[in-house]
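Peer 1: model this:
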Amino acid sequence: MRSKKVTLSFVSLFVLLAVILTACGPAATAAPQAPAAAPANADFNTVKSAADAGGMDALIAAAKAEGELNVITLPADWCNYGELITTFSTKYGIKVNSLNPDGGSADEIQAIKDNKDNKGPQAPDVIDIGPAFGPLAKGENLLAPYKVTTWDTIKGTNDPDGFYYVDYSGVMVLEVNTDIVKEVPTTYKDLLDPQYNGQVALAGDPRASNQAAQSVYAASLANGGSLDNIQPGLDFFKQLNSAGNLLPLIANSGPIGKGETPITFQWSWNAYANKDNFKGNPNIEVIFPKDVNWGGYYYQAVSAYAPHPAAARLWEEFLYSDEGQLGWIKGYCAPARLADMTTRNVVPADLAAKLPDAALLASSIVPSGDQLTSARKLIKEQWDTVVGLDIK
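Peer 2: A predicted model of the protein is given here:
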């Protein structure tokens, strides 16, 4: 209440002075307003909010002065990142460099480590990583804390100090090319059928990719395992490999479109994006497996060694604005601020229709960060000895 009274008193005094000056002479011409500048001591490598930077105008000015932003492992069709990158670049006049778009979360962490000392063109400013990698990167002092202006509306297992925070979520599906696969599988166990010989693929290397590792984790629950027992998932993929059903190819949009990987373990947003982009050539059917409803999410974070620290923070502000969140929805991803935006009725009906079924999302099995970390460690250690197939 004290600050409010002071503000009202100041406003009253300002109005009174304006009246006096108007009565005493001709109206003065207002001087043009200079763009907001960051505080003289602002260090964009360490600012933890836009307020610390001197406000959004100051942050925008500093980001524009840097002129570039390095993002990493963001395929254009993943959660609509292609459009989001273009929109951000056009809006702020900042060139966006997209590094290693087909990499995995482990590649993002390694890129920060490899470029800590040079801050060169291969150094990421921001990362989009699986849940197990957030605490890992924080523990290795690779992340900078930053809270966007909409922080209080971000739902999920966010780091309380802003080192990493949920960006979007979805569920695991099977993406099936029905031009090749005539009898569509409806469960993980179906994939062991000899009719799927040489047709099943992962969307990444499970030793490095969060999406692929979580496919193994989900397979564990579909085969009698639990959130604390992932071994049945590794054994399932050993069976797939021994049967000749599992392919050694990473199934991104290229091999899927060519029919080289007819059945792919996939996040729902990627499967639907492929279905849209292929436009029936090939025909894609998205299957929600009956034996496990597996949910997942990703984290955003700013690199502690960002070569463009202001642009990195402005990118996060953009992603967590209504505009950025709607961009994610357009790419079939359920954004972390969805509850707030739904309450305010700012999600158009055509975009809401792109979201996974609410009941499906709500009932999905989602492991904790610690469980994911343990599972990732086991997969990395045992994939070669148990499954014995190099996915690349």
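Peer 1: residues touching residue 135, list them.
Peer 2: The neighbours of residue 135, taking CB atoms under 8 Å, 6 or more residues apart in numbering as the test, are 159, 164, 369, 373. Backbone N, C-alpha and C define where each C-beta goes, glycine included.
Peer 1: Could you rerun that using 10 Å?
Peer 2: By CB atoms under 10 Å, 6 or more residues apart in numbering, the contact set of residue 135 is 143, 157, 159, 163-164, 299, 369-370, 372-373.
Peer 1: Which one (most neighbours) among those residues?
Peer 2: Per-residue neighbour counts (other CB atoms under 10 Å) across the contacts of residue 135 peak at residue 299, which has 30 neighbours.
Peer 1: Beta-bridge partners for that residue, please?
Peer 2: On the basis of DSSP bridges, residue 299 is bridged to residue 129, residue 166.
Peer 1: Confirm for me that it is in contact with residue 164.
Peer 2: Yes - between residue 299 and residue 164 there is a contact under CB atoms under 10 Å: 4.2 Å.
Peer 1: overlap in contacts of those two?
Peer 2: Counting by CB under 10 Å, 6+ apart, the residues touching both residue 299 and residue 164 are 127, 129, 131, 133-135, 137-138, 143, 157-158, 369.
Peer 1: which one of those sits closest to residue 74?
Peer 2: The closest of the shared contacts of residue 299 and residue 164 to residue 74 turns out to be residue 127 (CB to CB; 9.6 Å).
Peer 1: which residues touch residue 182?
Peer 2: Counting by CB under 10 Å, 6+ apart, the residues that residue 182 touches are residue 195.
Peer 1: Could you check how far it is from residue 173?
Peer 2: Per CB to CB, to the nearest Å, residue 182 is found 19 Å from residue 173.
Peer 1: which one of the shared contacts of residue 299 and residue 164 is nearest residue 293?
Peer 2: Proximity of the shared contacts of residue 299 and residue 164 to residue 293 (CB to CB) peaks at residue 131, which lies at 17.5 Å.
Peer 1: any idea how far that closest one is from residue 92?
Peer 2: 29 Å.
Peer 1: Give me the more crowded residue out of the two.
Peer 2: Neighbours were tallied for residue 131 and for residue 92 using other CB under 10 Å; the higher tally belongs to residue 131 (27 against 17).
Peer 1: Endpoint to endpoint, stretch 253-272 covers what distance?
Peer 2: Stretch 253-272 has an end-to-end distance of 11 Å (CA to CA, to the nearest Å).
Peer 1: Just checking the distance from that stretch to the centre of its chain.
Peer 2: 19 Å (CA atoms, centre = their mean, to the nearest Å).
Peer 1: OK, contacts around residue 128?
Peer 2: Contact analysis of residue 128 by CB under 10 Å, 6+ apart lists 71-74, 78-79, 81, 105, 108, 167-168, 210, 298-301, 319.
Peer 1: what does residue 263 give?
Peer 2: 174-177, 180-181, 184-185, 190-191, 196, 199-201, 245, 247, 251, 256, 287.
Peer 1: right, and residue 378 touches residue 233 too?
Peer 2: Yes - the criterion here is CB under 10 Å, and residue 378 meets it with residue 233 at 9.3 Å.
Peer 1: overlap in contacts of these two?
Peer 2: Both residue 378 and residue 233 are in contact with 213, 216-217, 386, where contact means CB under 10 Å, 6+ apart.
Peer 1: so which of the residues you listed is the most crowded?
Peer 2: Greatest neighbour count in the shared contacts of residue 378 and residue 233, by other CB under 10 Å, goes to residue 213: 29 neighbours.
Peer 1: so how far is residue 165 from that one?
Peer 2: Remark: distance between residue 213 and residue 165 (CB to CB) = 21 Å.
Peer 1: what about the helices in the stretch 201-350 of the chain?
Peer 2: Applying DSSP state H, counting those that start in this stretch to the stretch 201-350 of the chain gives helices spanning 210-222, 231-242, 253-258, 268-278, 309-319, 322-330, 338-343, 349-352.
Peer 1: what would these look like in CSV with distance to residue 112?
Peer 2: Putting the helices of the stretch 201-350 of the chain into CSV (distance: least, CB to CB, whole Å) gives the following:
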stretch, distance to residue 112
helix 210-222, 16
helix 231-242, 29
helix 253-258, 26
helix 268-278, 24
helix 309-319, 12
helix 322-330, 23
helix 338-343, 29
helix 349-352, 33
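Peer 1: Any idea which of these gets closest to residue 62?
Peer 2: Of all the helices of the stretch 201-350 of the chain, helix 309-319 sits nearest to residue 62, with 3.7 Å by CB to CB.
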